[in-house]
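*Asks:* got a predicted model here, sequence first, then my questions.
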Amino acid sequence: MRFHTRKWVKPEDLNPNGTLFGGQLLAWIDEELALYTIIQLENSKVVTKHMSEINFRSSARQGDIIEIGIDVVKFGTTSLSLKCEARNMMTRETIISIDSTTMVNLGEDGKPKAHGKKEIEFVRNRLL
(Lines give C-alpha, C1' and ligand atoms only; values in the text may rest on other atoms or scores of the structure.)
Protein backbone atom coordinates (compact mmCIF):
# COMPACT_ATOMS: atom_id res chain seq x y z
CA MET A 1 0.00 0.00 0.00
CA ARG A 2 1.29 3.46 -0.86
CA PHE A 3 0.83 5.99 1.93
CA HIS A 4 0.28 9.47 0.55
CA THR A 5 -0.99 11.69 3.31
CA ARG A 6 -0.39 12.36 6.95
CA LYS A 7 -2.79 14.18 9.24
CA TRP A 8 -2.08 15.56 12.68
CA VAL A 9 -4.92 14.99 15.16
CA LYS A 10 -5.82 18.36 16.65
CA PRO A 11 -8.35 19.32 19.36
CA GLU A 12 -11.04 20.15 16.79
CA ASP A 13 -10.78 16.57 15.40
CA LEU A 14 -11.81 14.91 18.69
CA ASN A 15 -15.11 13.43 19.81
CA PRO A 16 -16.49 13.81 23.37
CA ASN A 17 -14.40 10.77 24.42
CA GLY A 18 -11.18 12.61 23.56
CA THR A 19 -10.38 10.35 20.61
CA LEU A 20 -10.40 11.00 16.88
CA PHE A 21 -13.95 11.55 15.62
CA GLY A 22 -14.73 8.82 13.05
CA GLY A 23 -16.51 11.28 10.76
CA GLN A 24 -13.39 13.43 10.59
CA LEU A 25 -11.26 10.44 9.62
CA LEU A 26 -13.77 9.44 6.94
CA ALA A 27 -13.72 13.00 5.55
CA TRP A 28 -9.91 12.87 5.34
CA ILE A 29 -10.09 9.48 3.61
CA ASP A 30 -12.78 10.59 1.14
CA GLU A 31 -10.75 13.67 0.25
CA GLU A 32 -7.56 11.65 -0.25
CA LEU A 33 -9.39 9.10 -2.43
CA ALA A 34 -10.84 11.93 -4.53
CA LEU A 35 -7.45 13.62 -4.96
CA TYR A 36 -5.80 10.33 -5.91
CA THR A 37 -8.57 9.62 -8.46
CA ILE A 38 -8.39 13.13 -9.92
CA ILE A 39 -4.66 12.73 -10.48
CA GLN A 40 -4.99 9.22 -11.95
CA LEU A 41 -7.91 10.03 -14.26
CA GLU A 42 -6.74 13.58 -15.07
CA ASN A 43 -10.22 14.95 -14.43
CA SER A 44 -11.32 17.15 -11.53
CA LYS A 45 -14.91 15.94 -11.80
CA VAL A 46 -15.10 12.73 -9.77
CA VAL A 47 -17.51 11.51 -7.11
CA THR A 48 -17.57 8.77 -4.49
CA LYS A 49 -20.18 6.20 -5.50
CA HIS A 50 -19.69 3.42 -2.97
CA MET A 51 -17.68 2.45 0.10
CA SER A 52 -17.57 -1.12 1.37
CA GLU A 53 -17.96 -1.99 5.03
CA ILE A 54 -16.05 0.30 7.36
CA ASN A 55 -14.55 -1.26 10.47
CA PHE A 56 -12.90 0.92 13.12
CA ARG A 57 -10.19 -1.23 14.70
CA SER A 58 -8.38 1.29 16.90
CA SER A 59 -8.31 5.03 17.53
CA ALA A 60 -6.08 8.05 17.87
CA ARG A 61 -5.69 10.85 20.37
CA GLN A 62 -4.73 14.49 20.15
CA GLY A 63 -1.18 14.85 18.87
CA ASP A 64 -1.11 11.50 17.07
CA ILE A 65 -0.19 11.41 13.39
CA ILE A 66 -2.45 9.48 11.04
CA GLU A 67 -1.19 8.07 7.77
CA ILE A 68 -3.60 7.29 4.90
CA GLY A 69 -2.66 4.71 2.27
CA ILE A 70 -4.32 3.80 -1.01
CA ASP A 71 -4.02 0.98 -3.53
CA VAL A 72 -5.87 0.54 -6.81
CA VAL A 73 -8.15 -2.50 -6.88
CA LYS A 74 -9.27 -2.12 -10.51
CA PHE A 75 -9.96 0.26 -13.34
CA GLY A 76 -13.53 0.22 -14.63
CA THR A 77 -14.83 1.94 -17.77
CA THR A 78 -16.01 5.06 -15.91
CA SER A 79 -14.69 4.27 -12.44
CA LEU A 80 -11.68 3.50 -10.31
CA SER A 81 -11.93 1.09 -7.37
CA LEU A 82 -9.54 1.69 -4.50
CA LYS A 83 -8.74 0.16 -1.13
CA CYS A 84 -7.61 2.27 1.76
CA GLU A 85 -6.04 1.99 5.18
CA ALA A 86 -5.50 4.60 7.86
CA ARG A 87 -2.98 3.88 10.57
CA ASN A 88 -1.76 5.61 13.69
CA MET A 89 1.95 6.29 13.22
CA MET A 90 2.44 6.71 16.97
CA THR A 91 0.99 3.33 18.00
CA ARG A 92 1.57 1.59 14.62
CA GLU A 93 -2.00 0.27 14.77
CA THR A 94 -4.44 0.21 11.87
CA ILE A 95 -7.35 2.50 12.70
CA ILE A 96 -9.57 1.70 9.75
CA SER A 97 -9.44 -0.32 6.55
CA ILE A 98 -11.83 -0.04 3.63
CA ASP A 99 -11.61 -2.92 1.14
CA SER A 100 -13.28 -1.11 -1.75
CA THR A 101 -14.34 2.40 -2.64
CA THR A 102 -15.69 3.18 -6.10
CA MET A 103 -14.88 6.60 -7.51
CA VAL A 104 -16.69 7.64 -10.71
CA ASN A 105 -15.34 9.86 -13.46
CA LEU A 106 -17.86 12.49 -14.64
CA GLY A 107 -18.24 14.43 -17.87
CA GLU A 108 -19.21 18.09 -18.20
CA ASP A 109 -22.89 17.04 -18.02
CA GLY A 110 -22.36 15.46 -14.59
CA LYS A 111 -22.93 11.93 -15.88
CA PRO A 112 -20.45 9.02 -15.78
CA LYS A 113 -17.88 9.29 -18.56
CA ALA A 114 -15.36 6.72 -19.82
CA HIS A 115 -11.83 7.66 -18.77
CA GLY A 116 -9.76 5.34 -20.99
CA LYS A 117 -7.23 4.48 -18.25
CA LYS A 118 -6.10 0.92 -17.59
CA GLU A 119 -3.16 1.18 -15.19
CA ILE A 120 -1.63 3.39 -12.53
CA GLU A 121 0.34 6.31 -13.91
CA PHE A 122 2.87 8.30 -11.98
CA VAL A 123 2.87 12.06 -12.58
CA ARG A 124 6.66 12.06 -13.09
CA ASN A 125 6.20 9.71 -16.07
CA ARG A 126 3.68 12.06 -17.72
CA LEU A 127 6.23 14.86 -17.78
CA LEU A 128 8.72 13.05 -20.04
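*Replies:* That came through fine.

*Asks:* name the SS class of the residue nearest the centre of the chain, please.
*Replies:* For the chain, residue 33 is the residue whose C-alpha lies nearest the centre (Cα atoms, centre = their mean; 3.0 Å). Three-state secondary structure (criterion: DSSP: H, G, I helix; E, B strand; the rest coil) places residue 33 in helix.

*Asks:* what pairs with the strand or helix carrying residue 48, and is each one parallel or antiparallel?
*Replies:* If you go by DSSP states H and E, residue 48 is part of strand 46-51. When pairing is defined by DSSP bridges, strand 46-51 lines up against strand 94-105 (antiparallel).

*Asks:* report the mean per-residue pLDDT for the partner strand.
*Replies:* Across strand 94-105, the average pLDDT comes to 97.

*Asks:* give me the buried positions along that strand.
*Replies:* By neighbour count on 16 or more other Cβ atoms under 10 Å, the buried set for strand 94-105 is 95-98, 101-105. C-beta here means a position set from N, CA and C on the backbone, and glycine is covered the same way.

*Asks:* and if you look at stretch 36-43?
*Replies:* 36-37, 40-41.

*Asks:* stretch 75-90 now?
*Replies:* 75-76, 78-88.

*Asks:* those residues: which two are farthest apart?
*Replies:* Farthest-apart pair in these is 78 and 88; separation 34.6 Å (Cβ to Cβ).
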